[in-house]
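Chemist: Sharing a sequence plus its predicted fold:
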Amino acid sequence: MAADRRRALGSLGEQLAAEHLARRGFTILERNYRTRWGEIDIVAHDGRRLVFCEVKSRVVNHADRAPFESLHQRKCRQVRRMARAWLAERSHPWAAELRFDAIGVTFAPDGRLLRLDHLEAAF
């Protein structure tokens, strides 16, 4: 049951992150792109930049960590590896810049959205 709740929370966080990016002028090119190294949550393009976005969702309580605390060096290398695979496998629009962003989505225990933090060029 706890895994289902976590999966649902992650999906909702990714949906809110995708909507946030769309409001900022990005076209979502792909969500949940799977590779042998893991999954890229969102790939987006705004006409100039191609952004690979890692989404971290958390429920606030005293014991939980902040969303970006789990964005460690190993995860950053993993996302870069997955981005190389995506670029090699997919046709994609031209971009002057590649960027790796992180979006942290924080929920209250009752499921209300508390905050959405977008860290551009996170790694």
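Modeler: Yes, it's here.
Chemist: Tell me where this structure has helices.
Modeler: 2-23, 73-89 (DSSP state H).
Chemist: Give me the buried positions along the first one.
Modeler: Spelled out, it's helix 2-23. Residues of helix 2-23 classed as buried by neighbour count (16 or more other C-beta atoms under 10 Å): 9-10, 13-14, 16-18, 20-21. The way it works is simple: take the backbone N, C-alpha and C, and place the C-beta from them, glycine included.
Chemist: Between the helices of the chain, which one is closest to Thr35.
Modeler: Closest of these to Thr35 is helix 73-89, at 4.7 Å (criterion: C-beta to C-beta).
Chemist: what pLDDT, on average, does stretch 73-89 get?
Modeler: For stretch 73-89, mean pLDDT rounds to 93.
Chemist: Identify all contacting residues around it.
Modeler: Under the contact criterion C-beta atoms under 8 Å, 6 or more residues apart in numbering, stretch 73-89 has outside partners 30, 33, 35, 37-40, 43, 52, 54, 92, 98, 100, 122-123.
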